[in-house]
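**Q** Predicted model and sequence below, questions to follow.
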Amino acid sequence: MADRILTWFFENIDRDGTEQGPAYFIEVDYTPVAVRVLARQAADAGNLNFTIKDDGVTIFARQAYLSKGDKTEGDAEDFPKNPPAILADSVVTLDVTPNGAKGITVHLELDKN
């Protein structure tokens, strides 16, 4: 089980953009272990793209997304082979491009280093 889970929830998103929802202050060093994305209404116009950033730098090796028509995504295979540590005193944010999805929840699971 993860030591900490960061959660973002959006009932409706009226704009695409950066740093939507809460920003999380990180108090100790963590390693990201999984990302889960759920959408009550799947994206209809294209993929639901999202980027989780640590002090403005993505933690993913490539663009993470929920495919058009899908409602869930399991463990993120989008981390680099050796995921970067999320260091104490940093801030974690989320960028999202909704493309018609609603009821979006993003969970980032972290383990203490």
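**A** Good, I have the coordinates.
**Q** Tell me how many other residues crowd residue 39.
**A** By other C-beta atoms under 10 Å, 21 other residues sit near residue 39. All C-beta atoms are positioned from the backbone trio N, CA, C, and that covers glycine.
**Q** My guess is it contacts residue 71. True?
**A** Yes. Between residue 39 and residue 71 a contact is recorded at 5.4 Å, counting by C-beta atoms under 8 Å.
**Q** How many residues are close by the nearest residue to residue 30 once chain neighbours are set aside?
**A** Spatial nearest neighbour of residue 30, excluding adjacent residues (C-beta to C-beta, 6 or more residues apart in numbering): residue 110 at 3.8 Å. Residue 110: 22 surrounding residues under other C-beta under 10 Å.
**Q** Would you mind measuring from residue 110 to residue 53?
**A** 14 Å (C-beta to C-beta, to the nearest Å).
**Q** same deal with residue 98?
**A** Taking C-beta to C-beta, one finds residue 98 at 17 Å from residue 53.
**Q** what does residue 36 give?
**A** According to C-beta to C-beta, residue 36 and residue 53 sit 18 Å apart.
**Q** neighbour-wise, which of residue 98 and residue 53 wins?
**A** Neighbours per residue, other C-beta under 10 Å: of residue 98 and residue 53, the larger number sits with residue 98, 23 against 18.
**Q** Output the lowest mean pLDDT helix or strand found in the protein.
**A** Lowest on mean pLDDT, DSSP states H and E among the helices and strands of the chain sits strand 72-73, with a mean of 64.
**Q** Sketch out the strands for this protein, chain order is fine.
**A** Secondary structure of the chain (DSSP state E): strands at 4-10, 24-25, 30-41, 48-54, 57-58, 64-66, 72-73, 91-97, 102-112.
**Q** Quickly, which of those strands bottoms out on average pLDDT?
**A** Note on the strands of the chain: lowest mean pLDDT is at strand 72-73, with a mean of 64.
**Q** check contacts around residue 90.
**A** 25-26, 54-55 (C-beta atoms under 8 Å, 6 or more residues apart in numbering).
**Q** Derive a ChimeraX selection command for the buried subset of those.
**A** Of the contacts of residue 90, the buried ones go into a single ChimeraX selection, burial set by 16 or more other C-beta atoms under 10 Å:
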select :26,54
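**Q** No further queries at this time; thank you.
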